[in-house]
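Student: After the sequence you'll find the predicted model.
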Amino acid sequence: MTVTQPSPIQQLEQVLDRYKEIRGPDSETLPSSSAAKQTEVYTSLVAAIERLAPTGTYYYTSLQAVIKTQGLNSRYAIPTLVGIVEALRTAYESGYLHQIEELIRADLFADFLDMGEYLLEEGYKDPPAVISGGVLEEHLRKLCLKNSINIKTNDRFKKADAMNADLTNSNVYNRLDQKSITAWLDLRNKAAHGKYTEYTDEQVKVALLGIRDFVARFPA
């Protein structure tokens, strides 16, 4: 049975709903008599922000400031944390955070591809083939999630070729892109299985450039 992870908005709403449940409908603060409940709420709020706020954003730095000034597990920090979570939920609802996450991932993938190009220039064609294939497979997975395409079958992650087919059938990109991706994945598989004589430096170079272009054209 496939388990679908709640969206960031749903996760944030669950934390806020739990806070409201513990607080009660007729109160603006948590019951001071229940230290355990206060700890539960504090921990849930902090964990949600750490998990869902991209590093470097104001939501994340605000959390660090709260912890620094109020200390760990301070009941007085809870209203501020609730405000951060509510603002974070609004940002996700407006689509701002998804855009930031896509930019962060694009920069990270670009760094890996830069590494691959450097190794290729230094005369090493096999590691770049594996690196570029890894970037491509992870990007396909993120594209599936972005387009609500299941990345698992029978509790197992789909292979890259299956995700490639699903994305094409869902019109995320066309058949020409699908064929290019199939070729790049085949090159990665050859490198990963030690078939180093079955591809050339030039093919690795073309794959690196093609994958870079694909990631830029289809952000996820």
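Tutor: Sure thing, it's come through. Numbers count the residues shown, from 1 in each chain.
Student: Could you list the domains of the protein?
Tutor: With domains defined by automatic domain parsing, the chain comprises 8-94, 99-217.
Student: With mean pLDDT and mean neighbour count as new columns, can these be given to me in JSON lines?
Tutor: Using the backbone N, CA and C atoms, a C-beta is placed for each residue, glycine as well. Shown next, in JSON lines, are the domains of the chain (pLDDT from 0 to 100; neighbours: other Cβ atoms under 10 Å):
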{"stretch": "domain 8-94", "mean pLDDT": "84", "mean neighbour count": "15"}
{"stretch": "domain 99-217", "mean pLDDT": "88", "mean neighbour count": "16"}
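Student: For the spatially closest residue to Ala160 that is not a sequence neighbour, pull up the helix or strand it's in.
Tutor: Nearest non-adjacent residue to Ala160, counting by Cβ to Cβ, 6 or more residues apart in numbering: Glu137, 4.4 Å away. Counting by DSSP states H and E, the element that carries Glu137 is helix 126-146.
Student: Past that helix, which element shows up next along the chain?
Tutor: Per DSSP H and E, the first helix or strand lying C-terminal to helix 126-146 is strand 152-153.
Student: Just checking: what are the partner strands of that following strand?
Tutor: If you go by DSSP bridges, strand 152-153 pairs up with strand 156-157 (antiparallel).
Student: what does the partner strand rub up against?
Tutor: Applying Cβ atoms under 8 Å, 6 or more residues apart in numbering, the contact partners of strand 156-157 are 141, 151.
Student: Which other helices and strands does the helix or strand just after that strand contact?
Tutor: Sequence order places helix 160-169 as the next helix or strand after strand 156-157, per DSSP H and E. The contact analysis (3 or more Cβ pairs under 8 Å, 6 or more residues apart in numbering; DSSP states H and E) places helix 160-169 against helix 126-146, helix 175-192.
Student: so can I have TSV of those helices showing distance to Glu21?
Tutor: Below are the helices and strands packed on helix 160-169 laid out as TSV (distance: least, Cβ to Cβ, whole Å):
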stretch	distance to Glu21
helix 126-146	29
helix 175-192	46
